[in-house]
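K.L.:
The amino acid sequence is not available; the structure is as follows:
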């Protein structure tokens with residue numbers, strides 16, 4: 001095998017590995033969050049692009065004082081959008097004293 005074929009194969013493998021990289025943050029499906037949070041998500045969804053992310057944490061399915069929901073919408077890099085959404089959610093979670101961890105909405 002020539003060196004150029006080896007390097008080409010290594011490049012292809014690296015690209016595939018990067019493309020399938022998972023987020024380091026926990027996630028939750030949209031249908032698993034409370035109805036009130038689903039409605040908030042649907043309100044901001046039209047403003048979102050491929051790099052936008054929202055995160056949520058909740059201790060109650062009905063008590064709005066026990067729900068945190070934050071998004072990072074106008075962002076150029078997906079990983080940065082994830083970090084910001086989690087950070088904003090963690091700030092709100094601490095403010096409301098929510099025990100559940102923040103998770104990215106999928």
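P.N.:
Cool, the structure landed. Just so you know, these numbers come straight off a predicted model, no measurement behind them.

K.L.:
residues in contact with whatever helix or strand residue 44 lives in?
P.N.:
When elements are assigned from DSSP states H and E, residue 44 belongs to helix 35-44. Applying CB atoms under 8 Å, 6 or more residues apart in numbering, the contact partners of helix 35-44 are 30-31, 33, 54, 56, 58, 62, 64, 67, 69, 71, 73, 105. The way it works is simple: take the backbone N, C-alpha and C, and place the C-beta from them, glycine included.

K.L.:
do that again at 10 Å, thanks
P.N.:
28, 30-34, 48, 52, 54, 56-58, 61-64, 67-71, 73, 105 (CB atoms under 10 Å, 6 or more residues apart in numbering).

K.L.:
If any of those residues are buried, give me the ChimeraX selection for them.
P.N.:
Per 16 or more other CB atoms under 10 Å, the buried members of the contacts of helix 35-44 correspond to this ChimeraX selection:
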select :28,33,34,48,52,54,56,57,58,67,68,69,70,71,73,105
